[in-house]
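1. quick one: sequence plus predicted model below, questions after.
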Amino acid sequence: MAGKSPEASAYEHIRNELQTHLDKAGAPEEVRPFLLEQWARLMTGIFMAKGNTDPDWQAGWDTVNALLWTLAPKQSRADTMKMLRILPVLLARLHEGCTALNYDLMARDRLFADLALLHASIAREGLHLAAGEALPEPSPATTSDPLAGEREMGLLRPAPVETESPSAPLDDLPALRVGDWVSFDQPQGRKRLKLTWLSPQQGMFLFTDPQGTDALSLTRARLRAKFQSREAALDAGRRANPPAG
């Protein structure tokens, strides 16, 4: 019986390393299949073509570490705001990987919809920590910030094609682009939020406020309903910073 090919052996080794890394980090189930089946395949291709010293190899692991950091409970408001700031760059890097993998668009949309919900939940919890509130003990994956240096941010470069493409006018929802400002009715009053990310199939939208202190994730149907009921309105200066106040 013939032994495993070098590529099959590399894939198995990389997948096992990822599995150990995800277990230690307590990674949510929503991202495990993608990382273990798809990202491991991407990393195998990089390893076979370029080895484990190439910048693309390092970028692949930096992306995994950054993703796991953003999905871990945040221990401070500062960490939460940092998460919101780096999310567009991280998500763009994941999109680049999905494109390189020729990953199915519907499966990609489901993945990024799950990520939007997870990140919004983590942001809400992190932004509303009460002073002196007891926090859970950080897992090993959260004791250091993988995005602390400029090197990682340089490797996690954005993909402008994804961020500049307007959402398709599939219905009466306004055609939105990342960077647009939308006003929402909230219990505390009218609030302006910026569209920070939309999924490839325009099924999920993530909004944050100018200071990065609030996050709102909506499915396309829920966002359309808010526009129809006038609980949401596209700002006139949609691509500019909203007026103060």
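-> The structure has been received and is ready for your questions.

2. show me the residue sitting in the middle of this protein in space.
-> Residue closest to the average C-alpha location in the chain (C-alpha atoms, centre = their mean): Leu91, at 4.2 Å.

3. in the sheet, who's paired with the closest residue to it other than its chain neighbours?
-> Closest residue to Leu91 apart from its sequence neighbours, by C-beta to C-beta, 6 or more residues apart in numbering: Trp197 at 5.5 Å. C-beta: built from backbone N, CA, C; applies to glycine. Under DSSP bridges, the beta-bridge partners of Trp197 are Leu206.

4. so what's the residue nearest to the centre of the chain scoring on pLDDT?
-> Looking at Leu91, its pLDDT reads 86.

5. residues contacting Arg230?
-> With contact set as C-beta atoms under 8 Å, 6 or more residues apart in numbering, Arg230 has these partners: Asp185.

6. next, count neighbours for the nearest residue to Lys191 once chain neighbours are set aside.
-> Spatial nearest neighbour of Lys191, excluding adjacent residues (C-beta to C-beta, 6+ apart): Phe184 at 5.6 Å. Neighbours of Phe184 under the rule other C-beta atoms under 10 Å: 18.

7. quick one: pLDDT of the residue nearest to Leu91?
-> Model confidence at Trp197, given as pLDDT, is 77.

8. for Leu101, same thing?
-> With respect to pLDDT, Leu101 has a value of 91.

9. give me the phi and psi angles of it.
-> Phi and psi for Leu101, reported as degrees, to the nearest 10, are phi -80, psi -10.

10. relative to Ala72, how far out is it?
-> 25 Å (C-beta to C-beta, to the nearest Å).

11. looking at the two, which is more packed in?
-> Ala72 (22 against 16).

12. circling back: so the residue nearest to the centre of the chain, which state does it fall into?
-> Of the three states, Leu91 takes helix under DSSP: H, G, I helix; E, B strand; the rest coil.

13. who's in contact with it?
-> Phe112, Leu115, Trp197 are the contacts of Leu91 under C-beta under 8 Å, 6+ apart.

14. quick one, grab the pLDDT at the nearest residue to Met204 once chain neighbours are set aside.
-> Take Met204 and drop its neighbours on the chain: the residue closest to it by C-beta to C-beta, 6+ apart is Ala113, 4.0 Å away. Looking at Ala113, its pLDDT is 86.

15. can you give me the buried ones in the strand or helix carrying Ala113?
-> Secondary structure assignment for Ala113, by DSSP states H and E: helix 105-127. If you call a residue buried by 16 or more other C-beta atoms under 10 Å, then helix 105-127 has these buried ones: 108-116, 118-120, 122-123, 126-127.
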